[in-house]
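> just need the structure, nothing else, for what follows:
(chains A and B)
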Amino acid sequence: MKQPDIKALKKKAVQLRKDILTMLENAGSGHTGGSLSLVEILTALYYYKVKHNPRDPEWKERDKVILSKGHGCPALYAVLADSGYFPHEELASLRKLGSRLQGHPQRGLPGVEVSSGSLGQGLSIANGIAFANRMDKIKSKIYCILGDGETNEGQVWEAAMTAAHYKLNAVCAIVDYNKMQIDGFCCDVKNMEPFSEKWRSFGWHTKEVDGHDIKALIEALDEAEKVKGKPQAIVAHTVKGKGISFIENQVKWHGIAPKKEELEKALLELDETLKKI
Amino acid sequence: MEELKHKPTRDGAGEAMLELGKRNKNVVVLSADLTDSTRAGWFKKEFPDRFIGFGVAEQDMLGAAAGLALCGKIPFACTFGVFASGRAWDQVRVSVAYMNLNVKIIGTHGGITVGEDGATHQALDEIALMRILPNMTVIVPSDANEAYKATMQSADIDGPVYIRLGRNPAPILTKKEEPFKIGKGVLYSEGSDISIITCGHSLYEAKKAREELLKEGIKARIINLHTPKPLDKEIILKAAQETGAFVTVEEHTVHGGMGSAIAELTTGECPVPIKMVGIRDTFGESGEPLELLKYFNLATEDVVKAAHEALQLKKK
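The predicted structure is shown next:
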């Protein structure tokens, strides 16, 4: 097993946050809060765990990451560009007419496995991929990233039952549990607690982690890979808008982009963070 | 009238899925707890390793179908038309059609002739719901032979296909050896005074109506438009030019169905009066299939009446 350089990954996460905020400001709209909460999850996946090849995005044996919470795509785009799936300059085209970087992910952009945006659909697709791989004897992992509000959708639990019933241990669900959704705090909109208990009772190997602790995420992902006969759920406790003091934990930052002066302020803050690593 | 053999269109599709399973190992069949009703069970018996049951979870089934198709499989997702098109519409829209994935949807129990189960189980709007989706092909076979051919050919299309099937034994109106091509309408009977354009089980009512009209000296052309999407523009526009009036017949709401698709085309290309025979902005009801056809004005006499009305309009 390769040894992760946690310090380097932390720096990577800061760089990704800069890219995300820059592309959102440039686009003038988009989902800031839920993109920033995702950063460490994607960092642990793409720079440590996932078996993939940016030069051959359709490689049959690759692990697959499905961003079921499609609105968090600025974070995914930043990672994919940085990994070499497409030119970094293309990030500037986010949400523009004719761009491959649609407001919600569209298959066709290298590295995007699945179009998403209508919540609740990714886990079923992940199961379908796992069924196909099982038939074809391909051993690869499918990571499906869900939002917490997204799990209000009944289809998520249909898929959770299917994965457990068929013992789809290739499937690993990661919930970006930032405790907020558009209408407010999850606990006020529709309380989902006891959340981990739900996954566990649905027959999933379940682990709760600090979703901004890269080391903890890596350990949880390694543990998930060893599980036999069960799908795995990683409930990642995160902070919406993580990394920028004036964006963190603000419901209003769900679906808006930073303005120019806010971006400048945020980038300065991230420079300070970088110095402390 | 000659005695016709009867067979449900769902049987034709079930036989085709089984045959496809033998020919292509990438064919998989999915079911949402209606395995026997949809005839998915015939495939399951032969190929249990390529059959996946989802329980009563149509949305999950369509999502998984998308995942299977992403990996090169050809999934046939089987359930009642109401559930495939209604319950799982957004999954069909986003997970299947938006990605243009190779998913085949087998929607059985289409039309008012589903009968006694009533409104919740009679698919009367799914031609509309499916045909408005970009990338989607929609087929409504008229008999079991056509259902077999449509299902077999659907596997050759690299994209989503919806096949609407019926529950009850329906008259066999086409021959096994007749050519069939998805997207190509069939000139079922010659005629020059008016065209009756139909799909699905309604072909039988159209056929009987034509015989009635002939007694009055009216020669009606019948077009079996088994593929409401993509529309066979050529056969429709030719009929518009040559016959100058249409009656459309379908076991489906007149709002957005096959008749609407035809009107959308002719209104801009070759306007002709169109009288639509179909369900009119109402839900279905329990009853015997033939009784329901009469009750909802979908029977032979309704087609004849519509033909007279269309001919009146043509004269104006």
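
> which stretches in the stretch 51-200 of chain A count as helices?
Secondary structure of the stretch 51-200 of chain A by DSSP state H, counting those that start in this stretch: the helices cover A:73-83, A:122-135, A:154-165, A:186-190, A:195-201.

> who wins for proximity to A:Val114 among the ones you listed?
helix A:122-135 (5.5 Å; CB to CB). Yep, even glycine has a C-beta here, placed from its N, CA and C like the rest.

> how far does that closest one sit from the chain's center?
The chain centroid and the centroid of helix A:122-135 are separated by 18 Å, computed with CA atoms, centre = their mean, to the nearest Å.

> let me know the angle separating that helix from helix A:154-165.
Between the axes of helix A:122-135 and helix A:154-165, defined by axes from the mean of the first three to the mean of the last three CA atoms, to 10 degrees, the angle is 30 degrees.

> from the helices of the stretch 51-200 of chain A, which stretch is densest packed?
With neighbours defined by mean count of other CB atoms under 10 Å in any protein chain shown, none of these is more surrounded on average than helix A:122-135, at a mean of 28.

> check which helices and strands it is in contact with.
strand A:64-67, strand A:142-147, helix A:154-165, strand A:171-177, helix B:58-70 (3 or more CB pairs under 8 Å, 6 or more residues apart in numbering or on different chains; DSSP states H and E).

> please identify the most buried of these.
Sorting the helices and strands packed on helix A:122-135 by mean neighbours (by mean count of other CB under 10 Å), the first place falls to helix B:58-70, with a mean of 30.

> contacting residues for the closest residue to chain B within the stretch 51-200 of chain A?
Relative to chain B, the nearest point of the stretch 51-200 of chain A is A:Gly128 (2.1 Å; CB to the nearest CB). Taking CB atoms under 8 Å, 6 or more residues apart in numbering or on different chains, we find A:Gly128 in contact with B:Gly63, B:Ala64, B:Ala65, B:Ala66, B:Gly67, B:Leu68, B:Ala69, B:Leu70, B:Cys71, B:Pro75.

> for residue 49, which non-adjacent residue is closest in space?
Chain wasn't specified; assuming chain A. A:Leu221 (4.6 Å; CB to CB, 6 or more residues apart in numbering or on different chains).

> think we crossed wires, I meant chain B
Nearest to B:Asp49 is A:Met135, by CB to CB, 6+ apart, at 7.2 Å.

> what sits against that neighbour?
B:Val28, B:Asp49, B:Arg50, B:Lys73.

> the first one should be in a helix, yeah?
By that I understand B:Val28. No: when classified by DSSP: H, G, I helix; E, B strand; the rest coil, B:Val28 is found to be strand rather than part of a helix.

> need the contact list for the closest residue in space to it that isn't next to it in sequence.
Leaving aside its sequence neighbours, B:Val28 sits nearest to B:Arg50 (CB to CB, 6+ apart; 4.6 Å). Remark: with contacts taken as CB under 8 Å, 6+ apart, B:Arg50 is in contact with A:Met135, B:Gly21, B:Lys25, B:Val27, B:Val28, B:Val29, B:Phe43.

> gap between B:Arg50 and A:Glu90?
40 Å (CB to CB, to the nearest Å).

> kindly report the same for B:Phe283.
50 Å.

> near chain A, which residues of chain B show up?
Neighbours of chain A within chain B, by CB under 8 Å from any CB of the partner chain: B:28, B:49-50, B:52, B:54-55, B:57, B:59-73, B:75, B:90-91, B:93-95, B:98-99.

> and the helices in the stretch 151-300 of chain B?
Under DSSP H, counting those that start in this stretch, the stretch 151-300 of chain B gives helices at B:203-215, B:233-243, B:258-269, B:289-295, B:300-315.

> nearest to B:Thr38, of these?
helix B:289-295 (18.6 Å).

> could you pull out the buried residues of the closest one?
Neighbour-count burial for helix B:289-295, with 16 or more other CB atoms under 10 Å in any protein chain shown as criterion, is recorded at B:Pro289, B:Leu292, B:Leu293.

> as TSV, those residues with distance to B:Thr120 and pLDDT would be great.
Output for these, formatted as TSV (distance: CB to CB, whole Å; pLDDT from 0 to 100):
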residue	distance to B:Thr120	pLDDT
B:Pro289	16	96
B:Leu292	15	97
B:Leu293	19	97
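
> quick check: closest non-adjacent residue to residue 100.
No chain in the question, so chain A it is. A:Leu109 (4.2 Å).

> I was thinking of chain B, sorry if that wasn't clear
Nearest non-adjacent residue to B:Asn100 (CB to CB, 6+ apart): B:Asn135, at 4.5 Å.

> returning to what we had before: okay if I get the contacts of B:Arg50 as CSV plus pLDDT and distance to B:Thr9?
Listed next are the contacts of B:Arg50 as CSV, based on pLDDT from 0 to 100; distance: CB to CB, whole Å:
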residue, pLDDT, distance to B:Thr9
A:Met135, 98, 29
B:Gly21, 98, 19
B:Lys25, 98, 26
B:Val27, 98, 19
B:Val28, 98, 22
B:Val29, 98, 17
B:Phe43, 98, 16
